[in-house]
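Participant: The sequence isn't on hand, but the structure is:
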């Protein structure tokens, strides 16, 4: 069985590729390397340098698509909403059209916690109202709706995975990074990171290896929308302390004003994922330890 992974040279995508190959899938990766890194890529995967918006994509001999290729930076989406829509929504539509043209019947789509917006209740389950606060969140939600429509019209089977805040090895702190990798890089260099707001805002941090495993399992789920998270709420101050303690970093964080449009609290309900036999296995402390080990090698810091 051959699976096409869009964005397969990226942070999450490269871990998904590894999981697929470890489970004896044949893998083709489509990535334009705008943010991905070819060094992340498993040598056993076929690589095509290309763009998800290319109208001449060839999905011959492809049995299923895992679609991770995207513009993932919320700030970029606020500054360049047309670009964000072009890549995320129209790019997804182009993938769906290519699947229809080549009779590919399965897509696993990487969506985001950003589709929910400011939570009305916690933990946030999959039925929570969708009111994105950024063009990025909206483009992900529009893509979800296109996928559901194509399922109804053309019998394309789907799994939509709403990832929470993913962290782990290969998340470049100098690129479209999350707070975990930014904090680790700063502390490894002896600098106190900046915390926006009071640090009591919360997130649901999920380890990339667990995300990759859930994405792989999604190939066998039929027409499901599933939160992929831990169901655990962690404050940014707690995250800071966990990383600092692991590194024996004694500096204090610098606090500054909250970022515009930032959600204050977020944690996802993972009951549906648990019912489907997926569960997170790497806790925050262990995940941070693994990420630090990788970051030391990446930054060449002993």
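Facilitator: Yep, that arrived. Because the structure is predicted, anything quoted here is derived from the model rather than measured.
Participant: what about residue 43, neighbour count?
Facilitator: 6 (other CB atoms under 10 Å). Glycine gets a C-beta too; all of them are placed from N, C-alpha and C.
Participant: quick one: pLDDT of it?
Facilitator: Note on residue 43: pLDDT of 97.
Participant: how much space between it and residue 184?
Facilitator: 27 Å (CB to CB, to the nearest Å).
Participant: And residue 60, by the same measure?
Facilitator: Distance of residue 60 to residue 184, given as CB to CB: 42 Å.
Participant: More neighbours: which of these two?
Facilitator: Taking other CB under 10 Å, residue 60 and residue 184 do not tie; residue 184 has more neighbours (26 against 8).
Participant: contacting residues around residue 102?
Facilitator: Residue 102 makes contact with 58, 59, 60, 62, according to CB atoms under 8 Å, 6 or more residues apart in numbering.
Participant: Mind checking which of these are buried?
Facilitator: Among the contacts of residue 102, those buried by neighbour count (16 or more other CB atoms under 10 Å) are 59, 62.
Participant: mind putting the contacts of residue 102 in CSV, secondary structure, pLDDT and distance to residue 193 included?
Facilitator: Formatted as CSV, the contacts of residue 102 follow (DSSP: H, G, I helix; E, B strand; the rest coil; pLDDT from 0 to 100; distance: CB to CB, whole Å):
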residue, secondary structure, pLDDT, distance to residue 193
58, coil, 97, 45
59, coil, 98, 43
60, coil, 96, 48
62, coil, 98, 42
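Participant: and of the contacts of residue 102, the nearest to residue 24?
Facilitator: Taking CB to CB as the measure, residue 24 lies nearest residue 62 of these, at 16.6 Å.
Participant: now the helices: where do they sit in the stretch 101-250 of the chain?
Facilitator: 135-154, 179-188, 208-217, 236-247 (DSSP state H, counting those that start in this stretch).
Participant: avg pLDDT for the last one?
Facilitator: Spelled out, it's helix 236-247. The pLDDT scores in helix 236-247 average 98.
Participant: Packing partners of it?
Facilitator: Contacts defined by 3 or more CB pairs under 8 Å, 6 or more residues apart in numbering; DSSP states H and E place helix 236-247 against helix 179-188, strand 194-196, strand 202-203, helix 284-299.
Participant: Quick one: residues in contact with the lowest-mean-pLDDT helix or strand in the chain.
Facilitator: Least confident helix or strand of the chain, by mean pLDDT, DSSP states H and E, is helix 74-79 with a mean of 92. Outside helix 74-79, the residues that touch it by CB under 8 Å, 6+ apart are 71, 83, 84, 114, 134, 135, 136, 137, 139, 176, 261.
Participant: Report the buried residues of that helix.
Facilitator: Here helix 74-79 shows 74, 76, 77 as buried, counting by 16+ other CB under 10 Å.
Participant: for it, the distance to its chain's centre please.
Facilitator: Helix 74-79 sits 16 Å away from the centroid of its parent chain (CA atoms, centre = their mean, to the nearest Å).
Participant: What of stretch 125-139?
Facilitator: 15 Å.
Participant: Same check on stretch 40-50?
Facilitator: Averaging C-alpha positions (CA atoms, centre = their mean) puts stretch 40-50 19 Å from its chain's average.
Participant: Which strand or helix spans residue 9?
Facilitator: Using DSSP states H and E, residue 9 is not contained in any helix or strand.
Participant: can you check residue 279 too?
Facilitator: Secondary structure assignment for residue 279, by DSSP H and E: no helix or strand.
Participant: do the same with residue 98
Facilitator: helix 91-101.
Participant: who touches that helix?
Facilitator: 6, 51-55, 57, 59, 65, 67, 69-70, 104-105, 107, 109, 143, 146-147, 150, 154, 156.
Participant: what does stretch 183-191 give?
Facilitator: Here stretch 183-191 has contacts from 173-174, 192-193, 239-240, 243-244, 247, 249, 251, 288, 291-292, 295-296, 299, 301, using CB under 8 Å, 6+ apart.
Participant: on that earlier part again, format the helices of the stretch 101-250 of the chain as JSON lines; extra columns: distance to residue 283.
Facilitator: As requested, the helices of the stretch 101-250 of the chain are exported to JSON lines (distance: least, CB to CB, whole Å):
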{"stretch": "helix 135-154", "distance to residue 283": "27"}
{"stretch": "helix 179-188", "distance to residue 283": "13"}
{"stretch": "helix 208-217", "distance to residue 283": "10"}
{"stretch": "helix 236-247", "distance to residue 283": "10"}
